[in-house]
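**Student:** Generate a structure from the sequence data that follows.
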Amino acid sequence: MQNLRRAALFAREAHEGQLRDGKGEPCIVHPMRVAGRTILLDYDRDGIDADEDMVVAAWLHDVIEDTSVTRDSIRREFGWRVEELVVELTNHYTKVAYPDLKRAERKTLELGRLADISRRALVIKLIDRIDNLRDINPTTPFAKVYSQESTGLVTLGERRGLKLAAELRDAIESLQARA
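**Tutor:** Have a look, this model is predicted:
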(Lines give C-alpha, C1' and ligand atoms only; values in the text may rest on other atoms or scores of the structure.)
Protein backbone atom coordinates (compact mmCIF):
# COMPACT_ATOMS: atom_id res chain seq x y z
CA MET A 1 0.00 0.00 0.00
CA GLN A 2 2.91 2.34 0.75
CA ASN A 3 4.26 1.86 -2.79
CA LEU A 4 0.90 2.79 -4.26
CA ARG A 5 0.83 6.08 -2.38
CA ARG A 6 4.44 6.78 -3.37
CA ALA A 7 3.64 5.99 -7.03
CA ALA A 8 0.62 8.31 -7.01
CA LEU A 9 2.70 11.13 -5.53
CA PHE A 10 5.62 10.40 -7.89
CA ALA A 11 3.31 10.49 -10.94
CA ARG A 12 1.54 13.63 -9.70
CA GLU A 13 4.87 15.43 -9.25
CA ALA A 14 6.21 14.20 -12.61
CA HIS A 15 3.09 15.41 -14.46
CA GLU A 16 2.82 18.67 -12.48
CA GLY A 17 1.58 21.48 -14.71
CA GLN A 18 0.79 19.21 -17.68
CA LEU A 19 -2.67 19.30 -19.21
CA ARG A 20 -4.32 16.69 -21.41
CA ASP A 21 -4.60 17.67 -25.07
CA GLY A 22 -7.89 19.27 -25.90
CA LYS A 23 -9.38 18.74 -22.44
CA GLY A 24 -7.61 21.19 -20.20
CA GLU A 25 -7.70 18.72 -17.31
CA PRO A 26 -4.52 17.81 -15.42
CA CYS A 27 -2.58 14.91 -16.98
CA ILE A 28 -2.57 13.03 -13.68
CA VAL A 29 -6.30 12.29 -14.06
CA HIS A 30 -5.58 9.71 -16.78
CA PRO A 31 -2.96 7.62 -14.86
CA MET A 32 -5.24 7.80 -11.82
CA ARG A 33 -8.08 6.22 -13.81
CA VAL A 34 -5.77 3.59 -15.34
CA ALA A 35 -4.38 2.66 -11.92
CA GLY A 36 -7.87 2.51 -10.44
CA ARG A 37 -9.07 0.25 -13.20
CA THR A 38 -5.96 -1.95 -12.84
CA ILE A 39 -6.73 -2.43 -9.13
CA LEU A 40 -10.13 -3.78 -10.13
CA LEU A 41 -8.78 -6.47 -12.47
CA ASP A 42 -10.68 -9.69 -12.07
CA TYR A 43 -8.69 -12.93 -12.28
CA ASP A 44 -11.70 -14.77 -13.68
CA ARG A 45 -11.94 -12.28 -16.51
CA ASP A 46 -8.42 -12.37 -17.95
CA GLY A 47 -6.53 -14.74 -15.70
CA ILE A 48 -4.58 -11.92 -14.06
CA ASP A 49 -4.90 -10.50 -10.58
CA ALA A 50 -3.29 -7.10 -10.40
CA ASP A 51 -0.42 -7.10 -7.98
CA GLU A 52 1.12 -3.99 -6.48
CA ASP A 53 3.77 -3.76 -9.22
CA MET A 54 1.09 -3.63 -11.92
CA VAL A 55 -0.83 -0.88 -10.16
CA VAL A 56 2.36 1.12 -9.54
CA ALA A 57 3.26 0.72 -13.24
CA ALA A 58 -0.24 1.89 -14.18
CA TRP A 59 0.32 5.08 -12.18
CA LEU A 60 3.70 5.58 -13.89
CA HIS A 61 2.90 4.36 -17.41
CA ASP A 62 3.33 7.79 -19.07
CA VAL A 63 6.17 9.29 -17.04
CA ILE A 64 9.11 8.20 -19.20
CA GLU A 65 7.35 9.22 -22.41
CA ASP A 66 5.86 12.52 -21.20
CA THR A 67 8.21 13.85 -18.52
CA SER A 68 11.90 14.03 -17.65
CA VAL A 69 11.68 10.89 -15.47
CA THR A 70 14.13 8.17 -16.48
CA ARG A 71 13.87 4.43 -16.23
CA ASP A 72 16.79 4.52 -13.78
CA SER A 73 14.85 6.74 -11.40
CA ILE A 74 11.88 4.38 -11.59
CA ARG A 75 14.15 1.42 -10.80
CA ARG A 76 15.67 3.27 -7.82
CA GLU A 77 12.27 4.28 -6.45
CA PHE A 78 10.16 1.19 -7.21
CA GLY A 79 12.45 -1.69 -8.23
CA TRP A 80 13.28 -3.49 -11.44
CA ARG A 81 9.91 -5.24 -11.86
CA VAL A 82 8.07 -1.92 -12.00
CA GLU A 83 10.76 -0.45 -14.23
CA GLU A 84 10.34 -3.34 -16.70
CA LEU A 85 6.56 -2.87 -16.84
CA VAL A 86 6.83 0.90 -17.32
CA VAL A 87 9.42 0.46 -20.09
CA GLU A 88 7.13 -2.07 -21.78
CA LEU A 89 4.31 0.50 -21.61
CA THR A 90 6.42 3.37 -22.94
CA ASN A 91 6.13 4.25 -26.61
CA HIS A 92 9.57 3.64 -28.11
CA TYR A 93 8.75 5.08 -31.54
CA THR A 94 8.02 8.69 -30.71
CA LYS A 95 8.20 11.62 -33.07
CA VAL A 96 11.14 12.97 -31.08
CA ALA A 97 13.10 9.71 -31.36
CA TYR A 98 12.17 9.09 -35.02
CA PRO A 99 11.45 12.49 -36.61
CA ASP A 100 11.93 11.21 -40.17
CA LEU A 101 9.21 8.57 -39.90
CA LYS A 102 5.57 9.33 -40.59
CA ARG A 103 3.08 8.69 -37.79
CA ALA A 104 1.69 5.59 -39.53
CA GLU A 105 5.20 4.11 -39.80
CA ARG A 106 5.96 4.81 -36.15
CA LYS A 107 2.66 3.31 -35.03
CA THR A 108 3.26 0.16 -37.11
CA LEU A 109 6.69 -0.28 -35.52
CA GLU A 110 5.25 0.33 -32.05
CA LEU A 111 2.49 -2.21 -32.60
CA GLY A 112 5.13 -4.77 -33.60
CA ARG A 113 7.03 -4.03 -30.39
CA LEU A 114 3.86 -4.33 -28.32
CA ALA A 115 3.30 -7.84 -29.72
CA ASP A 116 6.23 -8.97 -27.57
CA ILE A 117 5.43 -7.28 -24.26
CA SER A 118 4.36 -9.28 -21.23
CA ARG A 119 0.73 -10.21 -20.77
CA ARG A 120 0.62 -8.10 -17.61
CA ALA A 121 1.89 -5.02 -19.47
CA LEU A 122 -0.55 -5.64 -22.33
CA VAL A 123 -3.45 -5.65 -19.86
CA ILE A 124 -2.39 -2.21 -18.60
CA LYS A 125 -1.91 -1.01 -22.19
CA LEU A 126 -5.45 -2.09 -23.08
CA ILE A 127 -6.85 -0.30 -20.01
CA ASP A 128 -4.83 2.78 -20.98
CA ARG A 129 -6.18 2.74 -24.53
CA ILE A 130 -9.77 2.15 -23.41
CA ASP A 131 -9.53 5.16 -21.12
CA ASN A 132 -8.05 7.33 -23.87
CA LEU A 133 -10.76 6.30 -26.33
CA ARG A 134 -13.52 7.09 -23.85
CA ASP A 135 -11.98 10.47 -23.12
CA ILE A 136 -11.23 11.69 -26.65
CA ASN A 137 -13.37 14.27 -28.43
CA PRO A 138 -15.07 12.26 -31.19
CA THR A 139 -15.48 15.25 -33.51
CA THR A 140 -11.74 15.84 -34.01
CA PRO A 141 -9.89 14.40 -37.01
CA PHE A 142 -7.48 12.78 -34.54
CA ALA A 143 -10.30 10.65 -33.09
CA LYS A 144 -10.66 8.77 -36.38
CA VAL A 145 -6.91 8.19 -36.67
CA TYR A 146 -6.61 7.08 -33.04
CA SER A 147 -9.54 4.68 -33.25
CA GLN A 148 -8.10 3.11 -36.42
CA GLU A 149 -4.69 2.73 -34.74
CA SER A 150 -6.37 1.07 -31.77
CA THR A 151 -7.67 -1.87 -33.81
CA GLY A 152 -4.20 -3.42 -33.84
CA LEU A 153 -4.26 -3.54 -30.04
CA VAL A 154 -7.58 -5.38 -30.19
CA THR A 155 -5.92 -8.03 -32.33
CA LEU A 156 -2.96 -8.31 -29.93
CA GLY A 157 -5.31 -8.67 -26.97
CA GLU A 158 -7.38 -11.31 -28.72
CA ARG A 159 -4.27 -13.31 -29.65
CA ARG A 160 -3.26 -13.30 -25.98
CA GLY A 161 -6.74 -14.37 -24.87
CA LEU A 162 -7.57 -11.14 -23.06
CA LYS A 163 -11.26 -10.40 -22.67
CA LEU A 164 -10.34 -6.73 -22.33
CA ALA A 165 -9.82 -6.81 -26.11
CA ALA A 166 -13.60 -6.98 -26.57
CA GLU A 167 -14.01 -3.94 -24.30
CA LEU A 168 -11.40 -2.12 -26.36
CA ARG A 169 -13.29 -2.99 -29.54
CA ASP A 170 -16.48 -1.63 -27.92
CA ALA A 171 -14.68 1.61 -26.98
CA ILE A 172 -13.49 2.02 -30.58
CA GLU A 173 -16.99 1.42 -31.95
CA SER A 174 -18.49 3.80 -29.41
CA LEU A 175 -16.06 6.55 -30.38
CA GLN A 176 -16.75 6.01 -34.07
CA ALA A 177 -20.50 6.08 -33.46
CA ARG A 178 -20.24 9.41 -31.62
CA ALA A 179 -18.28 11.02 -34.48
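
**Student:** Quick check: residue 110 touching residue 91?
**Tutor:** Yes. Residue 110 is in contact with residue 91 according to Cβ atoms under 8 Å; the separation is 5.8 Å. All C-beta atoms are positioned from the backbone trio N, CA, C, and that covers glycine.

**Student:** What pLDDT is listed against the closest residue to residue 12 other than its chain neighbours?
**Tutor:** Nearest residue to residue 12 in three dimensions, chain neighbours excluded: residue 28, at 5.0 Å (Cβ to Cβ, 6 or more residues apart in numbering). Note for residue 28: predicted pLDDT of 96.

**Student:** One more: residue 112?
**Tutor:** At residue 112, pLDDT is 98.

**Student:** And for residue 70?
**Tutor:** So residue 70 comes in at 97 (pLDDT).

**Student:** Likewise for the one 10 residues further on?
**Tutor:** The predicted local distance difference test score for residue 80 is 98.

**Student:** Now it: phi and psi?
**Tutor:** The phi and psi values for residue 80, taken as degrees, to the nearest 10, are phi -70, psi -30.
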